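Trainee: coordinates only, sequence not included:
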């Protein structure tokens, strides 16, 4: 039986509808050259695309 990938569990959260939420990258450093709109958008969580979500669920779903 395959083990759950703990690094994936830390990066993604499964919603009640079964969708995956992840943090936007690019919020830690090099913010001077990014616009205010980009910085504001990176602060919000995003829903993962369905094609990529299927691959991530294979790594996560073992422990659920």
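Mentor: Arrived safely. As the structure is a prediction and not an experimental result, all values here were calculated from the model. Numbering: from 1, shown residues only.
Trainee: Show the contacting residues for residue 46.
Mentor: Contacts for residue 46 (CB atoms under 8 Å, 6 or more residues apart in numbering) come out as 21, 22, 23, 24. C-beta here means a position set from N, CA and C on the backbone, and glycine is covered the same way.
Trainee: and it, backbone torsions?
Mentor: phi -120, psi 150 (degrees, to the nearest 10).
Trainee: can you tell me how far it sits from residue 3?
Mentor: 27 Å (CB to CB, to the nearest Å).
Trainee: still on that earlier bit, may I see the contacts of residue 46 arranged in CSV, with distance to residue 10, secondary structure and pLDDT as well?
Mentor: Putting the contacts of residue 46 into CSV (distance: CB to CB, whole Å; DSSP: H, G, I helix; E, B strand; the rest coil; pLDDT from 0 to 100) gives the following:
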residue, distance to residue 10, secondary structure, pLDDT
21, 13, strand, 96
22, 11, strand, 95
23, 10, coil, 93
24, 16, coil, 91
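Trainee: Mind picking the two most distant members of the residues you listed?
Mentor: Distance extremes for these: the farthest pair is 21 and 24 at 10.6 Å, using CB to CB.
Trainee: Remind me what the longest helix seen in the chain packs against, helices and strands.
Mentor: Across the chain, the longest stretch assigned as helix under DSSP state H is helix 50-60. Using 3 or more CB pairs under 8 Å, 6 or more residues apart in numbering; DSSP states H and E, the elements in contact with helix 50-60 are helix 6-11, strand 12-14, strand 20-22.
Trainee: Report the residue spans of this structure with pLDDT below the cut-off.
Mentor: Residues of the chain that meet the criterion pLDDT under 70 lie in 1, 63-64.
Trainee: give me every residue that touches the residue most central in space within the chain.
Mentor: In the chain, the centroid-proximal residue (CA atoms, centre = their mean) is residue 22; its distance is 2.0 Å. By CB under 8 Å, 6+ apart, residue 22 lies in contact with 11, 12, 13, 45, 46, 48.
Trainee: Tell me the bridge partners for it.
Mentor: residue 12, residue 46 (DSSP bridges).
Trainee: quick one: it and residue 36, what's the gap?
Mentor: 22 Å.
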